[in-house]
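Asker: test case, fold it:
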Amino acid sequence: EVEWVCAGEGTDEEDPTLRVSGSAYLDMLSDHKRNVAYHAALKEAVAPGSSVLDIGTGTGLLAMMAARVNDSAAQRVFACETFPPMRRLARKLIGENDLMDRITLVDKRSDDMGVGPDLDLPIPADVLVTEIFDSELLGEGLLPTLRDAVGRLVKPGGAIIPAAATVYAQVVECPTLALHTPESVAHNLGTALGWDCKLRRREGGVEGGVASSDGTMMELHVDALNDLRPLTDPFACLHFDLGAPPAEDSPLSCTTRVTARSSGRVDALVVWWELEMDSSGTLRIDTAPWYVKRGRNQQEGVNAGGSECLEEGKVVLPEAEMEALHRPCARTWALSDPQRSKTYAAALARALRGETSGVAADARAVDATAQRGDDVVLSLGEGIVMPLLAAQAGSRVVALQERSTFVRAQPSPPTKRLLAAAAAAAGFPPAQIRSLNCAPEQLPPSICASVLVSEPFYAECAGQVPWAQLRYWYDVCRLRESCAITPQTVLLPCRATLCGVGASLPELARTRRPAGVLEGVNLLGANALLGASAQPGAGQDSSDPLLILPQSVWQCGGEYSELTAHFDLLHFDFGSSVKALEGEKTVPAQVAGVCDVIVLWLEWHLDTEVPSCSVSGAPAE
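Answerer: Below you'll find the predicted structure:
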């Protein structure tokens, strides 16, 4: 179940244009097969004089299609949308298409709409159309929305578009995906720490290990994985009649018998869905990977569970449970990188021996024998790796894991519990790692650290632009003001560099093409808000801000080639106070081609006197 919280007008502190322009709206609008399928289904279901309800209208495209099909002015369309920027855009586009007299835009969730004279919906609708699906189908609250809508907002026997949905899966072997399993994370962390990390599962949490996850979904373009090998044929997991959605207490799980067609190691389940747009099931669209059915370019879900061996001909019983849980793949990738942990461990060891340069510039003249906090290591952020590395070095550790109040209404993941379980698995004394959930200003005055270490990682910044993790710099300044660190405290990292490279990424460029006239609906007015790129050859006004997308390069799909050398754009010194920075760079092309993007990433420097002692987020093969 998903509970949505509606944001009122003017409540966003950030520019809503940035949030919308970085979304997948344009990519969806450019999906020709999807648009044709919805238009055909509406044309079949909507009769002259029908009333139509569009739930989650977004740009208003489906509502405008419904108002235009069959050339009837008698149709009445009701469209609900609660996200203010999209609601304003839908109203604008409906006006530009001269459909204000046929479409009523409702500023409510569908389950808050009233039915009756003088209410939101005068009578139940003849047709319901919606597209509130995510990569695993159900994560945007599809089933509870339809339970309410079918029972209240649609006439008995009314048309539901789409009419049905099926979730498919396939058992695969994929070393890359195996990096995201809890066992792999635990093994690689254990390798870096120098101890055998035993991970045992138990329902709902952690027991004797670093982390446990029973089938968390990750949203990936699996076609980018060249080491993926299917072990079974695709099979249907779950089927839903969307005109008769399952009851609230119905279990959303199944057990299916499938036979292995090839021997190998089970690393993951690749999951996708198919929609039957009409009641006959003849009109269908899906999100299957390219290797399953050519011509798809939407996202699939990947269930990264534990690995086991599978022999050809063996019958397996994969269990599929549909849960709206996602783990950012970039995070498990970082945790699964033993070299990354070893780099931090080496820098931390040098810091504790007094051999590092990661101290504030004005502290260089201080006597090297000065007291630096009696080897107390303060770990900052929501990661569990740094406290373990510090404890492994023999230090007393204070893990400061401030619970975020900036983004999440609910507490962030139980880092404190995970850290306690990992410390117990490693055999550290309970008193060696002290975990505090408080603001830097609330640290006990007795804490004065000799070393401050951070990955940096803040859960609230995951999935955002790389420099969102520069909240670390802000927190370092807060710690300095609270005297928890001094000018003699070694900072790991001590500096960072924002780097870039010019690259050709044609598939991403395709998804940012301006929208035009789609199935008779003019969407030209949507391009500015949705972040469309300039037409080839049209140039771009230098006063227009460049669109910045928080996307991983490898998940953009298609070919990628670098056209320039890597370059430094901005430098951040965490020994100084937070301040505004600007940078400008002119970079010559080294390879001929169309420069579609500038790829940006952060490099974290742990020791400025050891160039190799850095952790980079640069794109790699």
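
Asker: which is the next helix or strand following the least confident helix or strand in the chain by mean pLDDT?
Answerer: The helix or strand of the chain with the poorest confidence is strand 205-207; it has a mean of 31 (mean pLDDT, DSSP states H and E). With elements assigned by DSSP states H and E, the helix or strand that comes after strand 205-207 is strand 217-220.

Asker: give me the mean pLDDT for that following strand.
Answerer: If you average the pLDDT over strand 217-220, you get 73.

Asker: oh, and call the first residue 14 from now on, that's how I've got it
Answerer: Done: numbering now begins at 14, and the last item shifts to strand 230-233.

Asker: so which elements touch that strand?
Answerer: The contact analysis (3 or more CB pairs under 8 Å, 6 or more residues apart in numbering; DSSP states H and E) places strand 230-233 against strand 313-316, helix 342-348. Every residue, glycine included, has its C-beta placed from N, CA and C.

Asker: distance of the residue nearest the centre of the chain from residue 582?
Answerer: Residue closest to the mean C-alpha point of the chain, counted by CA atoms, centre = their mean, is residue 476 at 4.8 Å. Counting by CB to CB, to the nearest Å, the separation of residue 476 from residue 582 is 22 Å.

Asker: one more: residue 243?
Answerer: 42 Å.

Asker: which one of these two has more residues nearby?
Answerer: The neighbour comparison of residue 243 against residue 582 (other CB atoms under 10 Å) goes to residue 243, with 19 against 16.

Asker: contact partners for that one?
Answerer: Going by CB atoms under 8 Å, 6 or more residues apart in numbering, residue 243 touches 183-185, 274-275, 304.

Asker: now the end-to-end length of stretch 436-448.
Answerer: This stretch, stretch 436-448, spans 11 Å end to end (CA to CA, to the nearest Å).

Asker: same thing with stretch 253-261?
Answerer: Distance across stretch 253-261, first residue to last, is 13 Å (CA to CA).

Asker: just the mean pLDDT for that stretch, thanks.
Answerer: 91.

Asker: which residues does residue 166 contact?
Answerer: So residue 166 contacts 66, 123, 126, 128, 134, 137-138, 141 (CB under 8 Å, 6+ apart).

Asker: and it, what are its phi and psi?
Answerer: Reported as degrees, to the nearest 10, the phi and psi values for residue 166 are phi -100, psi -10.

Asker: cool, residue 282 as well?
Answerer: Main-chain torsions, residue 282, degrees, to the nearest 10: phi -110, psi 120.

Asker: still on that earlier bit, which of the helices or strands spans the residue nearest to the centre of the chain?
Answerer: Going by DSSP H and E, residue 476 is not in any helix or strand.

Asker: in the stretch 514-634 of the chain, which ranges drop under the pLDDT threshold?
Answerer: 547-558, 634 (pLDDT under 70).

Asker: quick one: the strands in it?
Answerer: 530-531, 534-535, 574-575, 580-586, 610-618, 627-629 (DSSP state E, counting those that start in this stretch).

Asker: what do you get for the stretch 314-463 of the chain?
Answerer: Using DSSP E, counting those that start in this stretch, strands in the stretch 314-463 of the chain cover 321-323, 328-329, 332-334, 389-393, 409-413, 446-449.

Asker: going by mean pLDDT, which of the ones you listed comes out lowest?
Answerer: strand 332-334 - the lowest mean pLDDT of those, at a mean of 44.

Asker: can you list contacts of stretch 39-56?
Answerer: 65, 72, 74-75, 78-79, 82-83, 140, 142, 144, 174-175, 290-291, 296-298, 308, 310-311, 523-526, 528, 531-532, 536, 539, 543-545.

Asker: that's a helix at residue 49, yeah?
Answerer: Yes - looking at residue 49 with DSSP: H, G, I helix; E, B strand; the rest coil, it is inside a helix.

Asker: neighbours of it, how many?
Answerer: By other CB under 10 Å, neighbour count at residue 49 equals 14.
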